[in-house]
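Undergrad: heads up, no residue letters with this:
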């Protein structure tokens, strides 16, 4: 008697009769009828919905192949309900079947597609595999076409964005999160940065749909999303695409209620475009040692690229690559001295050209936080009712109550006080950072540590070569 293994996989397009239990039942029947011993240890079953087009994305398949390579071989044959379960990619099918048969002496058998042992069986199996791959490719194209057509008509083709719920085949504003989206857009056009807004949202206890803390890129994606003005955006290539002029992007009028006005959205887009033009996406890394005090902080006023170390000083990275047309060369020692002098003069006179990018954005968030606290109290009433009705156990009630009380306490701690005056903000900033100048001038402190000190309050430094002027932008 031969030892057998079973591989079971169900795709999202399969019907009920192709369920894992149904496949395994047929495999066991075949094994019994053909004197094959099927051990429970060698039953490999993927989670439902695993595609057969990429073997690397199927963990149970990879585990089965790894065990099959053991010596001595653990089993003689791998049984599948259909060859399409093993692979829907001819390349994967040929590679893995050849490896199993030639190097491991392990055969792959379809219990519902017997092909025999003669030479024509090779042709029959190849035809079956080609048909399986054709079916898979054709299905993907049909699904893509159908989704694209639906997007053109303004139909829902994806999960709801933050601030919306999916109801009745369309998006409806989430009463809890839609006001947060409105707040983000309003504060952004009032001068807050993406980082500032991420800090505010995290302080309020707001999380992404997957429960992660907010990041500046999360806020930026929200600000770019046209769904909030009633549109549907669909990428036909399956990638996140923000360039609306791309041929892979479908942008159509949706059937859902907008959360913000078109005017507010366009204001945000203009600000985002201006900032992208002024500043590079990220500070490029330098190949020099990490004793560069201004590393990643100084930017070219013409193109927004970072100034990096050259053989004799600092130079615009894009100019060095031939992209930027304006040289921004300056010796490193001169740049260090002038930046420190500028910061020292500002702290000395409490009147220097520093632009504050404060997370304490003008305006009072009490109403928003009060609403969130009230919603937590409403949740408390619901879980109490669930416990009294016998739906939740006492342990579940206690755990849910603890989570809600923690959320309320956090919201109350972050309950915003009356908005501070600009003088109060400036005074706090001076008091907090007044001592940094001595550290920046200290020759015993490394350039890397000085860089960390600057990053504690400096957001960006822009160097204008034509005016021979530095401008420091800080955050509080």
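TA: On my side now, so go ahead. Please read all numbers here as calculations on a predicted model, not as lab measurements.

Undergrad: Strands of this protein, start to end?
TA: 2-8, 36-45, 77-80, 107-110, 164-167, 170-173, 231-235, 249-253, 298-300, 307-309, 314-316, 354-356, 458-464, 469-474 (DSSP state E).

Undergrad: Next, format the ones you listed as JSON lines and append mean neighbour count and distance to residue 442.
TA: To be clear about C-beta, it is placed using only N, CA and C from the backbone, and glycine gets the same treatment. As requested, those are exported to JSON lines (neighbours: other C-beta atoms under 10 Å; distance: least, C-beta to C-beta, whole Å):
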{"stretch": "strand 2-8", "mean neighbour count": "21", "distance to residue 442": "66"}
{"stretch": "strand 36-45", "mean neighbour count": "16", "distance to residue 442": "63"}
{"stretch": "strand 77-80", "mean neighbour count": "24", "distance to residue 442": "68"}
{"stretch": "strand 107-110", "mean neighbour count": "18", "distance to residue 442": "70"}
{"stretch": "strand 164-167", "mean neighbour count": "15", "distance to residue 442": "53"}
{"stretch": "strand 170-173", "mean neighbour count": "18", "distance to residue 442": "55"}
{"stretch": "strand 231-235", "mean neighbour count": "20", "distance to residue 442": "52"}
{"stretch": "strand 249-253", "mean neighbour count": "15", "distance to residue 442": "52"}
{"stretch": "strand 298-300", "mean neighbour count": "24", "distance to residue 442": "21"}
{"stretch": "strand 307-309", "mean neighbour count": "23", "distance to residue 442": "21"}
{"stretch": "strand 314-316", "mean neighbour count": "24", "distance to residue 442": "21"}
{"stretch": "strand 354-356", "mean neighbour count": "17", "distance to residue 442": "22"}
{"stretch": "strand 458-464", "mean neighbour count": "20", "distance to residue 442": "17"}
{"stretch": "strand 469-474", "mean neighbour count": "18", "distance to residue 442": "20"}
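
Undergrad: can I assume residue 451 is in contact with residue 297?
TA: Yes: counting by C-beta atoms under 8 Å, residue 451 touches residue 297, with 7.3 Å between them.

Undergrad: Going by residue numbers, what spans are helices in the stretch 151-300 of the chain?
TA: Ranges of helices in the stretch 151-300 of the chain, per DSSP state H, counting those that start in this stretch, are 178-189, 194-203, 216-224, 262-278.

Undergrad: about what we covered before: where among the strands of the chain is the average confidence lowest?
TA: Sorting these by mean pLDDT places strand 354-356 lowest, at a mean of 54.

Undergrad: how far away is residue 94 from residue 87?
TA: In this view, residue 94 and residue 87 are 9 Å apart by C-beta to C-beta, to the nearest Å.

Undergrad: Comparing those two, which shows the higher neighbour count?
TA: The residue with the greater number of neighbours, taking residue 94 and residue 87 and applying other C-beta atoms under 10 Å, is residue 87; the counts read 27 against 13.

Undergrad: Find the nearest non-adjacent residue to the more buried one, please.
TA: By the measure of C-beta to C-beta, 6 or more residues apart in numbering, the closest residue to residue 87 outside its immediate chain neighbours is residue 93, 4.1 Å from it.

Undergrad: got it, and residue 232?
TA: residue 254 is the one closest to residue 232 (C-beta to C-beta, 6+ apart), at 4.2 Å.

Undergrad: The one you found contacts residue 226, correct?
TA: No: distance between residue 254 and residue 226: 9.0 Å, which falls outside the contact criterion (C-beta under 8 Å).

Undergrad: rewinding a little: how many residues are close by the residue nearest to residue 87?
TA: 24.

Undergrad: That one against residue 85, yeah?
TA: No: under the contact definition of C-beta under 8 Å, residue 93 does not touch residue 85, with a separation of 11.0 Å.

Undergrad: Name the residues contacting each of those two.
TA: Between them, residue 93 and residue 85 share no neighbouring residue, with contact defined by C-beta atoms under 8 Å, 6 or more residues apart in numbering.

Undergrad: Relative to residue 333, how far out is the closest residue to residue 335 other than its chain neighbours?
TA: Spatially, and ignoring its direct neighbours in sequence, residue 335 is nearest to residue 314 (5.5 Å; C-beta to C-beta, 6+ apart). The gap separating residue 314 from residue 333 is 10 Å, by C-beta to C-beta.

Undergrad: neighbours around residue 395, how many?
TA: The number of residues packed near residue 395 is 8, by other C-beta under 10 Å.

Undergrad: just the one 3 residues further on next, same as before
TA: Other residues within reach of residue 398 by the criterion other C-beta under 10 Å amount to 13.

Undergrad: Extract the residue ranges of the stretch 301-450 of the chain that are flagged as low pLDDT.
TA: Within the stretch 301-450 of the chain, the set of residues satisfying pLDDT under 70 comprises 311, 350-368, 414-422, 425.
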